[in-house]
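A.B. asks: just a sequence and a predicted model for now, questions to come.
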2 protein chains.
Amino acid sequence: MERVYNFSAGPAAIAQSVLERARDELVCYPGRGMSVMEMSHRSSMYIEIFDETKALLRQLMHIPDTYEILFLQGGATLQFSAVPLNLTKAGRADYVDSGNFAHLAAQEAMRYTQVRVVASSREDNYDHVPTEFAWNADADYAYITTNNTIYGTRYTSIPDTGAVPLVADASSNILSQPLDITRFGVLFAGAQKNIGPAGLCIVVLRKDLAGFENPLCPKLMSWALQIKNDSMLNTPNTYGIYMAKLGFEWLRDLGGVEAIYEINQRKAALLYDFLDNSRLFKPTARPECRSLMNVTFVTGDKDLDAAFVKYAAERGLVNLKGHRSVGGMRASIYNAMPQAGVEKLVQVMKAFEKENA
Amino acid sequence: MERVYNFSAGPAAIAQSVLERARDELVCYPGRGMSVMEMSHRSSMYIEIFDETKALLRQLMHIPDTYEILFLQGGATLQFSAVPLNLTKAGRADYVDSGNFAHLAAQEAMRYTQVRVVASSREDNYDHVPTEFAWNADADYAYITTNNTIYGTRYTSIPDTGAVPLVADASSNILSQPLDITRFGVLFAGAQKNIGPAGLCIVVLRKDLAGFENPLCPKLMSWALQIKNDSMLNTPNTYGIYMAKLGFEWLRDLGGVEAIYEINQRKAALLYDFLDNSRLFKPTARPECRSLMNVTFVTGDKDLDAAFVKYAAERGLVNLKGHRSVGGMRASIYNAMPQAGVEKLVQVMKAFEKENA
């Protein structure tokens, strides 16, 4: 069977050349006589892979030595708990409610600290990211979601929180555009959108922020202990980290984050330009904060939406159904989605429009 | 390069036919046009894989409907915290200290409940599992480790804790021998020894034990919430679960747990029989509780131990170095280690003995 174009929001498409390399090395990693899956996480052959993965991410994101990189389990969701469990001193935190995952993160944090929602677009069904904030100078941290997967919105510039450390969930747009990491105290991302397979969460944090855990913080969730053990307090997701390495190498060879940003802008523009001029499809996110990764749109008619999703799937374009809270369609076009996939999507939308508008 | 025989304690050897199937399906899962790594965890094509994995484990372990099966992240170590966070009612728990991981589990539990160590072999450097216990009838739960990876010991019969639910870490011998799951309240296991790649933890629990979380239990660690969401409170380790499925199919085709138990006894006997009669190598675990999965032995001379580990590696038998707390050698011979690997190890030990004894 031919490979399809997979517009899934996550787990999501992985570059074909990355998958092919994983396949070629699966049974026997070159020169090692075993699969990466079979390597002890303490063995020098695995540590080599691990260190290289970390160095590649540091290089791609220009992460200075004052920041540590952790490869953890539990996805972004476990960090929703880990953030307040690791950062609560005064017992107050500022949250921006810009989407479903931001909302869930704030709800989880309420169990450990006083959460103040300093801006929200919830009443507009999250069709934009709030840009006016009532930040509090006494907050332990301020929390944002850099890109909202479900609603197709993103921050085009990073809010200024002064001396209060900014914590960001960047699961759905990490590595898609240049980002000044020094503007953040902590930035984390589940791997399954723009990095590799699910089951891995990357946490980049300023070293001085670790070491203030709540006494009831589970050991494995302590950032300080994980830093001390170089993410190996217990056995990490060794194969997921290896897959991330292959993805990072692919991105480096493409020219890095700066190069993929150009490509991502071009890909998104193809879709948004078509949507802005379509007689049938309408984009749902406000223009000033449109995501480059998740493009949301509707026809305005539920049956027609469903008919389009089916029509596209029959043409090899799958997982275009939008999240139930927005309805309509969503095309997730992460780094690994080739421009040819987006071009084919526009073609198919045009054909469907001709038949139905 | 030829594949080696990998005696690693975990991550550990995976059956070659399982790896070959994973390789063949890696880029494009049959009939699906994408890799398993790229499938949305909510898609029907992935749910099919997930449900089949669960059904296979239920079949292999004869798990009745009164028990739920969870596929979680964070390894056994996250369960060291989850156990007291989910099971504490009265605030008292009984722990058996039979090895390093049992000790770590008890230490973590002390942060959430009153831990009473009801038996310990710590003073004998864990060369056996304790079999006399001072169980308390008022305990919320009683905790054991069924097999001690580092020390090469195991329980040959399951302790009777009466009405107190028995919780067991079975990371290093799950699926290696028949086990009456109804003797346990909760049984959990990290995948990286006898199931598949690291990054997955399987929890089998009696349904009536869920729903009593500590109010500060991180959401993702709540067994009740994970049961309600069928392990998909957030994106699980989708590829790790698929690899577990391939492993379970391999085990089923071999004849199941009952058949592998015969094989495992034969494999272990080959090694222990040689060790009991060797002029050079001595087994370290007491005979009555020897592990079928981890066989520990020494020469009594550190330099000679190191020389043997090197000698064996040069002959394609790798990761035989023992844990630093025991020294010497450890041959981990999990389900996936073929009998031919154990036979070759005995041959190489004989040759080394001839040259050095």
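C.D. replies: Arrived safely, thanks for sending.
A.B. asks: now do A:D94 against chain B, distance only.
C.D. replies: Noted for A:D94: a distance of 21 Å to chain B, by C-beta to the nearest C-beta, to the nearest Å. (C-beta placed from N, C-alpha, C; glycine too.)
A.B. asks: actually A:N294, not the one I wrote
C.D. replies: 13 Å.
A.B. asks: assign A:L179 to helix, strand or coil.
C.D. replies: Three-state call for A:L179 (DSSP: H, G, I helix; E, B strand; the rest coil): coil.
A.B. asks: so who does the closest residue to it other than its chain neighbours touch?
C.D. replies: Excluding the flanking residues, the one nearest A:L179 by C-beta to C-beta, 6 or more residues apart in numbering or on different chains is A:M61, at 6.9 Å. Shown in contact with A:M61 (C-beta atoms under 8 Å, 6 or more residues apart in numbering or on different chains): A:175, A:179, A:181, A:204, A:257.
A.B. asks: quick one: the closest residue to the third one other than its chain neighbours from B:G199, how far?
C.D. replies: For A:I181, ignoring the flanking residues on the chain, the nearest one in space by C-beta to C-beta, 6+ apart is A:I63 at 5.3 Å. Here A:I63 is placed at a distance of 24 Å from B:G199 (C-beta to C-beta, to the nearest Å).
A.B. asks: those two: which is more packed in?
C.D. replies: B:G199 (31 against 17; other C-beta atoms under 10 Å in any protein chain shown).
A.B. asks: my guess is the more buried one contacts A:N234. True?
C.D. replies: No - with contact defined as C-beta atoms under 8 Å, B:G199 does not count as touching A:N234 (10.5 Å).
A.B. asks: mutual contacts of the two, please.
C.D. replies: With C-beta under 8 Å, 6+ apart, B:G199 and A:N234 have common neighbours B:G75.
A.B. asks: what is the lengthiest helix in chain A packed up against?
C.D. replies: Longest helix in chain A, counting residues (DSSP state H): helix A:256-277. In terms of contacts (3 or more C-beta pairs under 8 Å, 6 or more residues apart in numbering or on different chains; DSSP states H and E), helix A:256-277 is packed against helix A:44-61, helix A:238-254, strand A:282-283, strand A:294-298, helix A:339-356.
A.B. asks: could you export those as TSV, including mean pLDDT?
C.D. replies: Shown next, in TSV, are the helices and strands packed on helix A:256-277 (pLDDT from 0 to 100):
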stretch	mean pLDDT
helix A:44-61	98
helix A:238-254	98
strand A:282-283	97
strand A:294-298	98
helix A:339-356	97
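A.B. asks: for these, which one ends up most surrounded?
C.D. replies: strand A:294-298 (a mean of 26; mean count of other C-beta atoms under 10 Å in any protein chain shown).
A.B. asks: so what does that strand touch, helix or strand wise?
C.D. replies: Partner elements for strand A:294-298 (3+ C-beta pairs under 8 Å, 6+ apart): helix A:256-277, strand A:282-283, strand A:329-332.
A.B. asks: looking at the ones you listed, which is buried most?
C.D. replies: Ranked by mean neighbours (mean count of other C-beta under 10 Å), the helices and strands packed on strand A:294-298 are led by strand A:329-332, with a mean of 26.
A.B. asks: for the stretch 251-357 of chain A, what lies in contact range of chain B?
C.D. replies: Where proximity means C-beta under 8 Å from any C-beta of the partner chain, the interface of the stretch 251-357 of chain A facing chain B comprises A:316, A:318-319.
A.B. asks: could you pull out the helices for the stretch 101-250 of chain A?
C.D. replies: A:223-228, A:238-254 (DSSP state H, counting those that start in this stretch).
A.B. asks: by how many degrees do the longest one and helix A:256-277 diverge?
C.D. replies: Read that as helix A:238-254. 80 degrees (axes from the mean of the first three to the mean of the last three C-alpha atoms, to 10 degrees).
A.B. asks: which secondary structure elements does helix A:238-254 sit against?
C.D. replies: helix A:16-26, helix A:44-61, strand A:67-72, helix A:256-277, helix B:238-254.
A.B. asks: from A:M110, how far out is the nearest residue to A:Q177 once chain neighbours are set aside?
C.D. replies: Nearest residue to A:Q177, sequence neighbours excluded (C-beta to C-beta, 6+ apart): A:Y261, at 4.5 Å. As judged by C-beta to C-beta, A:Y261 and A:M110 stand 35 Å apart.
A.B. asks: please apply the same query to A:R206.
C.D. replies: For A:R206, the distance to A:M110 - C-beta to C-beta - is 24 Å.
A.B. asks: have a look at those two and say which one is more surrounded.
C.D. replies: Using other C-beta under 10 Å as the criterion, A:R206 and A:M110 rank with A:R206 on top: 17 against 13.
A.B. asks: quick check: that one touching A:G185?
C.D. replies: Yes - with contacts counted by C-beta under 8 Å, A:R206 reaches A:G185, the gap being 5.2 Å.
A.B. asks: touching both of these two, which residues are there?
C.D. replies: A:P165.
A.B. asks: which part of the stretch 201-350 of chain A gets nearest to chain B, residue-wise?
C.D. replies: Chain B sits closest to A:N237 of the stretch 201-350 of chain A, with a gap of 3.1 Å, by C-beta to the nearest C-beta.
A.B. asks: and the strands in the stretch 101-250 of chain A?
C.D. replies: Here the stretch 101-250 of chain A has its strands, by DSSP state E, counting those that start in this stretch, at A:114-120, A:141-145, A:147-148, A:153-154, A:166-169, A:186-190, A:201-206.
A.B. asks: so which of these is the most surrounded?
C.D. replies: strand A:147-148 (a mean of 30).
A.B. asks: what's in contact with that one?
C.D. replies: A:98-102, A:126, A:129, A:153-155, A:170-173, A:176, A:291, A:293-294.
A.B. asks: that older thread, in TSV: the strands of the stretch 101-250 of chain A, plus mean pLDDT.
C.D. replies: Formatted as TSV, these follow (pLDDT from 0 to 100):
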stretch	mean pLDDT
strand A:114-120	98
strand A:141-145	98
strand A:147-148	98
strand A:153-154	98
strand A:166-169	98
strand A:186-190	98
strand A:201-206	98
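A.B. asks: and the residue in the stretch 51-200 of chain A that chain B sits nearest to, what does it touch?
C.D. replies: For the stretch 51-200 of chain A, the residue closest to chain B is A:G199, as judged by C-beta to the nearest C-beta, at 3.1 Å. Applying C-beta under 8 Å, 6+ apart, we find A:G199 in contact with A:73, A:75, A:191-192, A:237, A:240, B:73, B:199-200, B:235-240.
A.B. asks: quick check: phi and psi on the closest residue in space to it that isn't next to it in sequence?
C.D. replies: Once flanking residues are discounted, A:G199 sits nearest to B:N237: 3.1 Å by C-beta to C-beta, 6+ apart. Dihedral angles of B:N237 (phi, psi; degrees, to the nearest 10) stand at phi -80, psi 80.
A.B. asks: quick one: A:T149 from A:L317, how far?
C.D. replies: Distance from A:T149 to A:L317, counting by C-beta to C-beta: 19 Å.
A.B. asks: again with A:H103
C.D. replies: Taken as C-beta to C-beta, the span from A:H103 to A:L317 is 30 Å.
A.B. asks: and for A:T153?
C.D. replies: From A:T153 to A:L317 the distance is 23 Å (C-beta to C-beta).
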